[in-house]
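J.: Task: produce atomic coordinates for the following.
(2 chains)
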Amino acid sequence: GESVGLHLPTLSVQEGDNSIINCAYSNSASDYFIWYKQESGKGPQFIIDIRSNMDKRQGQRVTVLLNKTVKHLSLQIAATQPGDSAVYFCAEAAGGYQKVTFGTGTKLQVIP
Amino acid sequence: KAGVTQTPRYLIKTRGQQVTLSCSPISGHRSVSWYQQTPGQGLQFLFEYFSETQRNKGNFPGRFSGRQFSNSRSEMNVSTLELGDSALYLCASSLDSGGPQHFGDGTRLSIL
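T.: Predicted structure coming up:
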């Protein structure tokens, strides 16, 4: 039969505001936690990663926070722009980067 | 530097046929991973190749196979195609198993 599509949570943000995308992970032994952005018709694009021994890492307009106590990962995007509209995936990698497991994704809609 | 290149971009096959997809990694990258992306299951790991050897494998039936050549280019083969194999097949490459993966834009496979 037909497979039911994943219900992607959607986050709607006004242009210029900050966005926070959250993710819960499952494997406490993961070495890296990664954020990817996927635009329509394209493959996932690497945004930023964080090692498991860190709790915060900053990039250009993005910050990733890792809370190992509650197995929670978040991506903060400052001054969100229309070009940030996409589906964002968190992922966790074990064995270095050998085996990467992706979350279900969050759709970010930026309202101009 | 050229990104990950996947060919063909689109493919239509019928049930029972077989298909081969191709992936050229970023120059210098030796690790190549394959993923299946569907609305129902999200992004699922198929397998990873490093230096022509399959090092990791996901939970897919034996109809899904792959190989890697000495120049790190990789191919993925699916035999006896089923309707459920309709998906976006993504290839990702990394320098080695210790670095973030960079994705191509995928091959959209449709089974009639």
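J.: And for residue B:95, the neighbour number?
T.: 16 (other CB atoms under 10 Å in any protein chain shown). (C-beta placed from N, C-alpha, C; glycine too.)
J.: to the chain's geometric centre, what's the distance from the helix or strand of chain A with the lowest mean pLDDT?
T.: Least confident element among the helices and strands of chain A, by mean pLDDT, DSSP states H and E: strand A:99-102 (a mean of 86). Centre-to-centre, strand A:99-102 and its host chain are 13 Å apart (CA atoms, centre = their mean, to the nearest Å).
J.: That strand pairs with which strands?
T.: Sheet pairing here is set by DSSP bridges, and for strand A:99-102 it gives strand A:86-94 (antiparallel).
J.: Tabulate the CA atom coordinates of the least confident helix or strand of chain A in CSV.
T.: Extracted C-alpha coordinates of strand A:99-102, given in CSV (Å, rounded to 0.1, in the frame of the first residue of the first chain):
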residue,chain,number,x,y,z
LYS,A,99,27.9,5.7,10.5
VAL,A,100,25.6,8.7,10.3
THR,A,101,21.9,8.5,11.5
PHE,A,102,19.6,11.2,10.4
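J.: For that strand, which outside residues touch it?
T.: Strand A:99-102 has contacts (CB atoms under 8 Å, 6 or more residues apart in numbering or on different chains) with A:26-27, A:34, A:36, A:89-94, B:33, B:35, B:42-45, B:48, B:56, B:101.
J.: Out of these, which end up buried?
T.: A:34, A:36, A:89-94, B:33, B:35, B:42-45, B:48, B:56, B:101 (16 or more other CB atoms under 10 Å in any protein chain shown).
J.: What residues does chain B have near chain A?
T.: B:4, B:31, B:33, B:35, B:38-45, B:48, B:55-56, B:84, B:90, B:92, B:94, B:97-106 (CB under 8 Å from any CB of the partner chain).
J.: ok, now with 7 Å
T.: Listed as neighbours of chain A in chain B under the rule CB under 7 Å from any CB of the partner chain: B:38-40, B:42-43, B:45, B:48, B:55-56, B:90, B:94, B:97-106.
J.: List the residues that contact residue 74.
T.: All of this refers to chain A. By CB atoms under 7 Å, 6 or more residues apart in numbering or on different chains, the contact list for residue A:74 reads A:20, A:21, A:22, A:23, A:65.
J.: wrong one, chain B
T.: Residues in contact with residue B:74 (CB under 7 Å, 6+ apart) are B:23, B:32, B:49, B:66, B:67, B:68, B:91.
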